[in-house]
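Here you go, sequence then predicted model.
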Amino acid sequence: CLVLFSGCEKKESKGPIKIAAIEPLSGPYAAVGKDIVDHVSYYAELINNNGGIYEGRKIEVVAMDNAMKAEKTTELLRKAIDDGVRFITQGGGSSHALNIIKQLDKYNARNPGKEVLFLNHSAVTTSFTNENCTFFHFRFDANVDMKVAALVSHMSKDKDVNKVYLFNQNYVYGQTFRKTANKMIKNNAPNLQIVGDELIAPFGKVQDFNPYVSKIKLSGADTVLTGNWGPDAYRFVNALADAGVKVKLFGIYISQPAGISAMGKNLLHNNVVIVKEFNPTNPKASSS
């Protein structure tokens, strides 16, 4: 994608190809943002050490802190464009990804020949590659529908899964996860009973998960299906363990690297099943 896009550029500087990584590097999601930037930087270094791309040009990752605030994402996107950056990467929060998609859609329409490409690594709301699809948005990750389909398929075959509690964040991604889970359980796993359906304030605003854990315990749920990530996942896992509540946890981003130390041994209190990407055609390919 980078090779093709950079190859269309007119004769410009042969300096590095800059990629602006707009992620939360401060605030409650800072650890997640740092993990993301570290991953992107690692692969950029890997590519650079192998000769770079397009006539040997190197990749330079420019980390930009949006502190998980919508206005900061808009501000940093404009700054990156003003600084001549033609590639944006982001994935920490679908609301921020949608912001970038809409802003670039307008910018690119008004600036032919100076288009900016959005490389979305993990903002997985399904609509982004359906009704909100645009030419200059490229997503590497599977969408919510694909991930939830895999989880529900596994749940339907697990004899220990009977009563399911849906637990998600109240923004575009969490709402999509909730809607898709309800639909797929009804259509593809009618043997499962949904005994609870909760949306919480997202992005680290909930500090105490004990009231939610009490609801889950009273519901009789043996399983929780959640799209929660970052502190909203880690604090939930810890609260379940602290209360001694035993359930199976099915999710997408529960065991992100940033959360392993935050959850510690509490991650082992309940069985956790997550969707994990891999490369089935190349056993030597790296996975993150």
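Okay, I see it.

most centrally placed residue in this structure?
The residue lying closest to the centre of the chain (Cα atoms, centre = their mean) is Ser122, at 3.7 Å.

Can you give me the distance of that residue to Val32?
10 Å (Cβ to Cβ, to the nearest Å). Just so you know, the C-beta spots here come from the backbone N, C-alpha and C atoms, and that holds for glycine as well.

between these two, what contacts are shared?
Both Ser122 and Val32 are in contact with Gly92, where contact means Cβ atoms under 8 Å, 6 or more residues apart in numbering.

now the helices: where do they sit in the stretch 101-250 of the chain?
Counting by DSSP state H, counting those that start in this stretch, the stretch 101-250 of the chain has helices at residues 144-157, 172-188, 210-219, 231-243.

how about these, which one is nearest Ile88?
Proximity to Ile88 (Cβ to Cβ) singles out helix 172-188 among the helices of the stretch 101-250 of the chain, at 18.5 Å.

so what's Phe167 up against?
196, 198, 200, 212, 216, 224-226, 228, 236.

May I have stretch 231-238 as PDB, with CA atoms only?
Extracted in PDB, the C-alpha atoms of stretch 231-238 (Å, rounded to 0.1, in the frame of the first residue of the first chain):
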ATOM      1  CA  PRO A 231      -8.400  -0.100  31.300                       C
ATOM      2  CA  ASP A 232     -12.100  -0.900  30.800                       C
ATOM      3  CA  ALA A 233     -11.100  -4.500  30.200                       C
ATOM      4  CA  TYR A 234      -8.300  -4.700  32.800                       C
ATOM      5  CA  ARG A 235     -10.300  -3.200  35.600                       C
ATOM      6  CA  PHE A 236     -13.200  -5.500  34.800                       C
ATOM      7  CA  VAL A 237     -11.000  -8.600  34.900                       C
ATOM      8  CA  ASN A 238      -9.500  -7.600  38.200                       C
END
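
for the record, mean pLDDT for that stretch?
Averaged across stretch 231-238, the pLDDT comes to 96.

before we move on, what about stretch 257-275?
Here stretch 257-275 scores 90 as its mean pLDDT.

Just the terminal-to-terminal distance for it.
15 Å (Cα to Cα, to the nearest Å).

go on, stretch 52-65?
Stretch 52-65: ends 26 Å apart by Cα to Cα.

start at 40 instead
OK, 40 is where the count begins now, so the last one is stretch 91-104.

What's the mean pLDDT across that stretch?
For stretch 91-104, the per-residue pLDDT averages 94.

In it, which residues are buried?
Within stretch 91-104, the residues scored as buried using 16 or more other Cβ atoms under 10 Å are 92, 96-98, 100-104.

So what's the gap between it and the chain middle?
22 Å (Cα atoms, centre = their mean, to the nearest Å).

related to what we said a few turns ago, save the helices of the stretch 140-289 of the chain as TSV, and put in distance to Pro55 too.
Formatted as TSV, the helices of the stretch 140-289 of the chain follow (distance: least, Cβ to Cβ, whole Å):
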stretch	distance to Pro55
helix 183-196	34
helix 211-227	32
helix 249-258	46
helix 270-282	34
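
Now tabulate the ones you listed in TSV and tack on distance to Tyr204 and mean neighbour count.
Shown next, in TSV, are the helices of the stretch 140-289 of the chain (distance: least, Cβ to Cβ, whole Å; neighbours: other Cβ atoms under 10 Å):
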stretch	distance to Tyr204	mean neighbour count
helix 183-196	12	19
helix 211-227	11	19
helix 249-258	5	16
helix 270-282	11	22
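
which outside residues touch stretch 71-87?
58, 60, 62-64, 92, 97-100, 102, 104, 128, 130-131, 160-161, 268-269, 295-297, 327.

Then stretch 240-249?
Contacts for stretch 240-249 (Cβ under 8 Å, 6+ apart): 66-68, 107, 132, 208-210, 213, 239, 251, 269-271, 274-275, 277-279, 281-282.

Stretch 174-188 too?
With Cβ under 8 Å, 6+ apart, stretch 174-188 has contacts from 40, 130, 140, 143-144, 147, 154-165, 167-168, 212, 215-216, 219-220, 223, 227, 264, 266, 291, 314, 316.

Would you mind listing which of those residues are buried?
Buried among the contacts of stretch 174-188 (16+ other Cβ under 10 Å): 130, 140, 143-144, 147, 155-165, 167, 212, 215-216, 219-220, 223, 264, 266, 291, 314.

longest helix of this structure?
helix 69-88 (DSSP state H).

contact partners of the next helix or strand after that helix?
Using DSSP states H and E, the next helix or strand after helix 69-88 towards the C-terminus is strand 98-104. Strand 98-104 is touched from outside by 41, 55-65, 72, 76, 79-80, 83, 86-87, 91-92, 111, 115, 118-119, 124, with contacts defined as Cβ under 8 Å, 6+ apart.
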